[in-house]
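Peer 1: next one to model:
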Amino acid sequence: MVANTETKYNRTPVRLILTMEALSSLVNQLFQILLPWYILVSTDSVIWLGIAGFATIMPSIFSSLWGGAVIDRLGRSKTMMICEASQLILIAAIPTLIILDYAKPWLISAIIFFSAFFDEPGQMSRQSLMPTYARLAAMPLHRVTGIREALDGIMAVAGPLAGGIIIALYGTLQAWVCAVILCLAIVIIALKIFNARKPRIKPNPTTYKTAWDNLTKDPFLLKVILITLPLFILGQSWELLILPSYVHEFKHGSLFLGLLEAAFGLGAFIGAVYYAAAGKKFKFFTLSVINYSAYALSVLVLMYNLPKTLVIAATGLCGLPFGAFSAMVITIILSRAQEETRGKTLGLFAAGAAFIESVFILVIALLLKISGLFNTLLAVLIFFALLIGAAVWARRSEATPPIN
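Peer 2: Numbers count the residues shown, from 1 in each chain. Prediction:
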């Protein structure tokens, strides 16, 4: 009986895609500390930090829409392979420039800009493969997305800690080399998935108008996206601007920055693991209220130079609902969007998120420059209070959990 079950279900593809997700998350988390620290140390400028942060996000506005179309035309595995190989080449150029003593801030920002252009389509390709691989493995989709988010959370612990330690002990060059090695491992796994794919018979003929029409016909899915998108106002600004500025202002050091990132990641890991086990019990708008309240708490503790243990604890607490919330959003989109429009629906969501992130990373950088850290955090706190009110209002009509 056991043998028949093992031959019926193929769990290798889902394990490979989750391994890729883990390694990709590790690289991204390493960048969260490596890029801002490198820019701050080499330029001592918040404005350059904002420009570099903008360069990591803005390309996703266009690449998300481009990626949805390319996925439907070329296929998910081929798109993923192209994007991962392109990122490897670009990231490998950074340590090369450092060795040649030509790592100018504008040039590093330009490389990050082009690398970011391939990041979102690669991630969308992996996410689009998850429902298919979940069916092959006979696993509920919410469990697969929960495991993915849990891996993202644990890598958010390992990445910043590793980055902080490597930078402190060996320097930024060695940290960039580690990132290149991880990118190479991702490409090797992508090649394995690509070689095992089924030949694509014909391109998907759906358009973005089809995806948008289907999205607007699902009021719940539309509400989920609308209540989630404002979260990206803080988005990458939290890791690339606010936390580095906080650590830099109070002279806490790169290791403490890594600990803050790790605390958030550990909380996200625990929340995502619980979601993977009990996803059917979660209500979206209830979880939204909890998630935004936790974010408000983490902002509040950064406004004053409180003891480090208290700041770390609050940051970890913020990660708990975030891990479950992120997994739930992706599960809802993947499960409610029709299969033929799944890639373009993810593209619309990712493009909206990237647009908000790229605009507000410049706004927050400007606020930090003009008003300082305290006033910037106060503005963010007021914003989260408004979001909490909106989520509480939407929660009144929430009857049952959305995951079947």
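Peer 1: please make it C-alpha for all contacts and neighbour counts, starting now.
Peer 2: Fine.
Peer 1: Ala327: what's it in contact with?
Peer 2: Residues counted as contacts of Ala327 (Cα atoms under 8 Å, 6 or more residues apart in numbering) are His142, Thr145, Gly146, Arg148, Glu149, Ala272, Tyr275.
Peer 1: now secondary structure and neighbour count too, for those, in CSV please.
Peer 2: As requested, the contacts of Ala327 are exported to CSV (DSSP: H, G, I helix; E, B strand; the rest coil; neighbours: other Cα atoms under 10 Å):
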residue, secondary structure, neighbour count
His142, helix, 26
Thr145, helix, 29
Gly146, helix, 30
Arg148, helix, 27
Glu149, helix, 33
Ala272, helix, 34
Tyr275, helix, 27
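Peer 1: wouldn't Ile47 be in contact with Ala365 here?
Peer 2: Yes - look at Ile47 against Ala365 with Cα atoms under 8 Å: they come within range, at 6.4 Å.
Peer 1: mind jotting down where the helices sit in the stretch 251-400 of the chain?
Peer 2: 254-278, 284-302, 308-336, 342-395 (DSSP state H, counting those that start in this stretch).
Peer 1: okay, those helices in a markdown table with distance to Trp106 and mean pLDDT next?
Peer 2: Output for these, formatted as a markdown table (distance: least, Cα to Cα, whole Å; pLDDT from 0 to 100):
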| stretch | distance to Trp106 | mean pLDDT |
| --- | --- | --- |
| helix 254-278 | 23 | 80 |
| helix 284-302 | 30 | 87 |
| helix 308-336 | 32 | 86 |
| helix 342-395 | 16 | 85 |
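Peer 1: count the residues that sit near Gly343.
Peer 2: Gly343: 30 surrounding residues under other Cα atoms under 10 Å.
Peer 1: er, Arg396 I mean
Peer 2: 10.
Peer 1: then Ile388?
Peer 2: 19.
Peer 1: what do you get for Ser24?
Peer 2: Residues within reach of Ser24, counting by other Cα under 10 Å, total 23.
Peer 1: kindly report the same for Ile370.
Peer 2: 11.
Peer 1: which one of Ile47 and Ala365 is surrounded by more residues?
Peer 2: Ala365 (27 against 18).
Peer 1: so that one sits right up against Trp48, yeah?
Peer 2: No - the criterion here is Cα under 8 Å, and Ala365 misses it with Trp48 at 9.2 Å.
Peer 1: so what pLDDT did Thr96 get?
Peer 2: At Thr96, the predicted lDDT confidence score is 91.
Peer 1: got it, and the one 5 residues further on?
Peer 2: The model reports Asp101 with a pLDDT of 81.
Peer 1: mind checking how far it is from Gly316?
Peer 2: 38 Å (Cα to Cα, to the nearest Å).
Peer 1: the two: which is more packed in?
Peer 2: Counted by other Cα under 10 Å, Asp101 and Gly316 do not tie: Gly316 has more neighbours, with 23 against 9.
Peer 1: residues touching that one, list them.
Peer 2: By Cα under 8 Å, 6+ apart, Gly316 lies in contact with Leu260, Ala263, Phe264, Gly265, Leu266, Gly267, Ala268.
Peer 1: test my guess that the second one contacts Thr309.
Peer 2: Right, Ala263. No - using Cα under 8 Å, Ala263 is not in contact with Thr309; the gap is 10.5 Å.
Peer 1: which of these two has more neighbours?
Peer 2: Taking neighbours as other Cα under 10 Å, Ala263 and Thr309 compare with Ala263 leading, 28 against 10.
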